[in-house]
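>>> Return a 3D structure for these sequence lines:
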Amino acid sequence: MTNMQRALRAAPAAVLALVACLALAGCRSQPGVAAYVGNERLTEARVDETVENAAAQSRTPDEQGTKPPTRSDVVTTWVLGKVCEQLRAKQGFAKAPITVERVRQAEGVPASSAYARDRANLYSCLGGVKLTNAGAVTDAELRELYDRAQAAGLVNQPFDKVKAQLAGNTNIQQALAADRILSGAVRDGDVTVNPRYRPMEFPITDLGTGRGPLIGVLLGEPGSDAVRDVN
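Here you go, the predicted structure:
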């Protein structure tokens with residue numbers, strides 16, 4: 001028996017669990033962590049703190065009529081905010097001027113909350129992203145858009161009949177370009193999301209239909225069998 005084998009046999013269970021975890025390319029499924037982006041992590045405690053801060057602010061006289069975000073909103077904002085900052089470092093773009101008051105008006109969250117500041121910072125970053133190859137849509141992208149539109153009851157014609165119309169729509173081209181760039185940034189950012197929040201998607205556009213996002217960025221893994229309770 002080697003010295004390493006003897007050491008492992010004598011090691012406490014917690015140490016063995018750590019070794020096994022490291023052997024599987026890192027512990028990124030800790031129950032107390034909501035999400036990872038690279039080496040950074042968002043703890044569930046930080047999510048609690050953000051929601052509670054917004055809830056407290058919403059009860060103040062100046063913030064009447066506002067409401068706190070959901071836990072999923074907090075995690076989504078943190079993950080995509082980190083990813084967007086990584087993308088900004090690569091593209092070198094300037095942020096757009098988005099204020100917390102605009103966030104309050106658009107989403108009904110208290111402008112004085114930490115969440116509103118994080119959200120405004122996210123939108124400021126996203127507003128500066130450089131869209132490249134906006135016209136280079138693929139059949140797979142158009143098919144996914146069509147399937148979502150069909151599921152929402154927005155189209156009743158065969159895909160082949162509307163494909164060219166979808167491909168030639170400038171708004172669709174730009175939205176898909178944003179999806180393509182941000183999805184690539186998510187992959188590069190090494191994102192992992194706690195199963196309780198999956199699937200997590202940031203909506204890009206509903207194309208003015210009011211039927212929910214037709215194009216959106218998937219953040220982290222596609223889905224989970226875990227029960228979702230993230231309000």
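>>> can you give me the helices in this protein?
Applying DSSP state H to the chain gives helices spanning 3-10, 13-23, 44-58, 71-91, 100-107, 114-126, 139-151, 159-167, 170-188.
>>> Least reliable of those helices by average pLDDT, please.
When mean pLDDT is averaged over each of these, helix 13-23 scores lowest at a mean of 37.
>>> Please export the C-alpha coordinates of stretch 165-172 as CSV.
The C-alpha coordinates for stretch 165-172 follow below in CSV (Å, rounded to 0.1, in the frame of the first residue of the first chain):
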residue,chain,number,x,y,z
GLN,A,165,-40.2,37.0,-43.6
LEU,A,166,-38.7,36.3,-40.2
ALA,A,167,-35.2,36.3,-41.6
GLY,A,168,-35.7,39.7,-43.2
ASN,A,169,-37.1,41.5,-40.2
THR,A,170,-34.5,44.0,-38.8
ASN,A,171,-35.8,43.7,-35.2
ILE,A,172,-35.4,40.0,-35.3
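>>> chain center to it: distance?
The chain centroid and the centroid of stretch 165-172 are separated by 25 Å under C-alpha atoms, centre = their mean, to the nearest Å.
>>> With distance to residue 194 added, can I get the helices of the chain in JSON lines?
All C-beta atoms are positioned from the backbone trio N, CA, C, and that covers glycine. As requested, those are exported to JSON lines (distance: least, C-beta to C-beta, whole Å):
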{"stretch": "helix 3-10", "distance to residue 194": "30"}
{"stretch": "helix 13-23", "distance to residue 194": "16"}
{"stretch": "helix 44-58", "distance to residue 194": "8"}
{"stretch": "helix 71-91", "distance to residue 194": "8"}
{"stretch": "helix 100-107", "distance to residue 194": "23"}
{"stretch": "helix 114-126", "distance to residue 194": "18"}
{"stretch": "helix 139-151", "distance to residue 194": "25"}
{"stretch": "helix 159-167", "distance to residue 194": "35"}
{"stretch": "helix 170-188", "distance to residue 194": "16"}
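>>> Show me the one of the ones you listed that comes nearest residue 212.
helix 139-151 (8.3 Å; C-beta to C-beta).
>>> what sits up against the closest one?
155-156, 159, 162-163, 166-167, 172, 176, 179-180, 209, 213-215 (C-beta atoms under 8 Å, 6 or more residues apart in numbering).
>>> got a pLDDT number for the closest residue in space to residue 78 that isn't next to it in sequence?
If the residues on either side of it in the chain are set aside, residue 78 comes closest to residue 42, at 4.7 Å by C-beta to C-beta, 6 or more residues apart in numbering. For residue 42, the pLDDT comes out at 98.
>>> bridging residues for residue 42?
Legend: beta-bridge partners of residue 42 under DSSP bridges are residue 35.
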